[in-house]
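Asker: When you get a sec, could you give me coordinates for this:
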Amino acid sequence: MSIEENLILELKSVEDVADIHKAQLLTYIKLAKIKVGLLSNFNVKLLKNGIERFML
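Answerer: Alright, predicted model coming up:
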């Protein structure tokens, strides 16, 4: 299996990650039948602070 079959990566560049962004990623995860998703917000000083992991 490749990484494309195991992970969904949602990229954003927003002031604050809203609940709708999280819901959007969870919907993608459910529809694709994938267990893990990452929500990355590039509008932060440290990139590690802008990454959230979601699992079903």
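
Asker: in terms of contact, does residue 9 touch residue 36 like I think?
Answerer: No: counting by CB atoms under 8 Å, residue 36 is not a contact partner of residue 9; they are 9.7 Å apart. In this view, the C-beta of every residue, glycine as well, is placed from N, C-alpha and C.

Asker: Quick check: pLDDT value at residue 39.
Answerer: Turning to residue 39, the model gives it a pLDDT of 98.

Asker: same question, residue 29
Answerer: The model reports residue 29 with a pLDDT of 96.

Asker: Verify the contact between it and residue 39 for me.
Answerer: No: here residue 29 does not reach residue 39: they are 10.4 Å apart, not a contact under CB under 8 Å.

Asker: Do a quick rundown of the helices in this structure.
Answerer: 19-32 (DSSP state H).

Asker: Tell me which residue lies nearest the centroid of it.
Answerer: With distances taken as CA atoms, centre = their mean, residue 39 lies nearest the centre of the chain, 2.3 Å away.

Asker: List the contacts of that residue.
Answerer: By CB atoms under 8 Å, 6 or more residues apart in numbering, the residues touching residue 39 are 10, 12, 17, 21, 22, 25, 51, 52, 54.
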